[in-house]
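In: Predicted structure and sequence below. I'll ask about it afterward.
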There are 2 protein chains.
Amino acid sequence: MRRDVFQAIADPTRREILNMIAHESLNVNAVAGHFDVSRTAVYKHVKILTECGLVVMKQQGRERFCEAKLEKLNEVSDWVEQYRKFWDARLDSLENYLSELQTKNKEDGNK
Amino acid sequence: MRRDVFQAIADPTRREILNMIAHESLNVNAVAGHFDVSRTAVYKHVKILTECGLVVMKQQGRERFCEAKLEKLNEVSDWVEQYRKFWDARLDSLENYLSELQTKNKEDGNK
DNA sequence: TATAAATGGAACCTTTTGGTTGCACAAATT
DNA sequence: AATTTGTGCAACCAAAAGGTTCCATTTATA
């Protein structure tokens, strides 16, 4: 059973769950209430999110609150950002700017 | 058949394929050569990547080159970045700085 | 104390996923 | 012309994913 962040966020329901609890923790029933599928189905999604560290459960009486650990998304962010240089226009112009600077410095050196 | 970028990058093999062709396009056999699984299995992964726009195929004689379209990762980046305010320490200190400024301005106003 | 509410999880089912082998076909080589 | 190379795809398979219903258990409440 592979449980990594990439696989966890692949499912749209799980992304929606994360969005719901991003601002405030909710108990399992509150989360399940927002979906058409059964509570058990939602519970399974929450479980997967906890297994990869994106969510932690906090017991409180008979309720269990789901708390988002969004810093785990760092893994995804890091992975994506390593490729930004291949497509981001802003980075392109930064590179152009830097290479222009280099050219200019060389010219200055030649003076 | 759901074919979105999130689902496409959920598989580690597909992420590795993207990494292989990020710098230079490779034909299907070249890509397949780097994996233990069959060429057909790799071809299927490439097909999924093309179906969500992360890769385009360019015919060249009898070969077909796989070219990465990494700007598609923008969707992932945008999704992740909307949550950064919940966990990024740098952003935290920026917020602290801004609220300090506010406090200071209020104090100045009271003088 | 009896009942309702909130949850975890077993058992089961269907669809999707990731893999295989084998074959067909076009392009390049001998 | 015959053969090798690169590829696409059908057919098939096992395992995983995503869903269901039903039941057990614990905690709150009438």
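Out: The structure has been received and is ready for your questions.

In: Chain A against chain B: which residues are in contact?
Out: Proximity of chain A to chain B, by C-beta under 8 Å from any C-beta of the partner chain, involves residues A:6-7, A:9-10, A:12, A:15, A:18, A:22, A:68, A:70-71, A:73-74, A:76-77, A:79-81, A:83-84, A:86-87. Every C-beta, even on glycine, is put in place using the N, C-alpha and C of the backbone.

In: What is the burial count for the closest residue to residue A:42 other than its chain neighbours?
Out: Excluding its sequence neighbours, the residue lying closest to residue A:42 (C-beta to C-beta, 6 or more residues apart in numbering or on different chains) is residue A:32, at 4.0 Å. As a burial measure, residue A:32 scores 19 neighbours (other C-beta atoms under 10 Å in any protein chain shown).

In: who's in contact with residue A:32?
Out: A:38-39, A:42-43 (C-beta atoms under 8 Å, 6 or more residues apart in numbering or on different chains).

In: tell me the SS of it?
Out: What DSSP: H, G, I helix; E, B strand; the rest coil gives for residue A:32 is helix.

In: Could you measure from it over to residue B:27?
Out: Distance of residue A:32 to residue B:27, given as C-beta to C-beta, to the nearest Å: 48 Å.

In: same question, residue A:50
Out: 42 Å.

In: same check, this time on residue A:7
Out: The value you get for residue A:7 to residue B:27, if C-beta to C-beta is used, is 29 Å.

In: Let me see the confidence value for the residue nearest to residue A:42.
Out: Per-residue confidence (pLDDT) for residue A:32: 98.

In: Could you do residue A:8 as well?
Out: Each residue has a pLDDT score; the one for residue A:8 is 98.

In: same question, the one 5 residues further on
Out: Predicted confidence (pLDDT) at residue A:13: the value is 98.

In: Which positions in the stretch of helix or strand residue A:75 belongs to come out as buried?
Out: Residue A:75 is part of helix A:74-81, with elements assigned from DSSP states H and E. The neighbour-count check on helix A:74-81 (16 or more other C-beta atoms under 10 Å in any protein chain shown) flags A:75-77, A:79-80 as buried.

In: Going by neighbour count, which of the contacts of residue A:32 are buried?
Out: Buried among these by 16+ other C-beta under 10 Å: A:42-43.

In: Can you tell me how far the spatially most central residue of chain A is from residue A:58?
Out: Closest to where the C-alpha atoms of chain A average out (C-alpha atoms, centre = their mean) is residue A:73, at 3.2 Å. Remark: distance between residue A:73 and residue A:58 (C-beta to C-beta) = 20 Å.

In: Check residue A:89 too.
Out: Between residue A:89 and residue A:58 the computed distance is 43 Å (C-beta to C-beta).

In: Same question for residue A:81.
Out: Separation of residue A:81 from residue A:58 (C-beta to C-beta): 31 Å.

In: ranges for the strands of chain A?
Out: Here chain A has its strands, by DSSP state E, at A:26-27, A:55-60, A:63-68.

In: Let me have the ones you listed in CSV, extended by mean pLDDT and distance to residue B:64.
Out: Listed next are those as CSV, based on pLDDT from 0 to 100; distance: least, C-beta to C-beta, whole Å:
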stretch, mean pLDDT, distance to residue B:64
strand A:26-27, 98, 48
strand A:55-60, 98, 42
strand A:63-68, 98, 42
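
In: now these in a markdown table, with mean neighbour count?
Out: Converted to a markdown table, those look like this (neighbours: other C-beta atoms under 10 Å in any protein chain shown):
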| stretch | mean neighbour count |
| --- | --- |
| strand A:26-27 | 18 |
| strand A:55-60 | 14 |
| strand A:63-68 | 18 |
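
In: Thanks a lot, catch you later.
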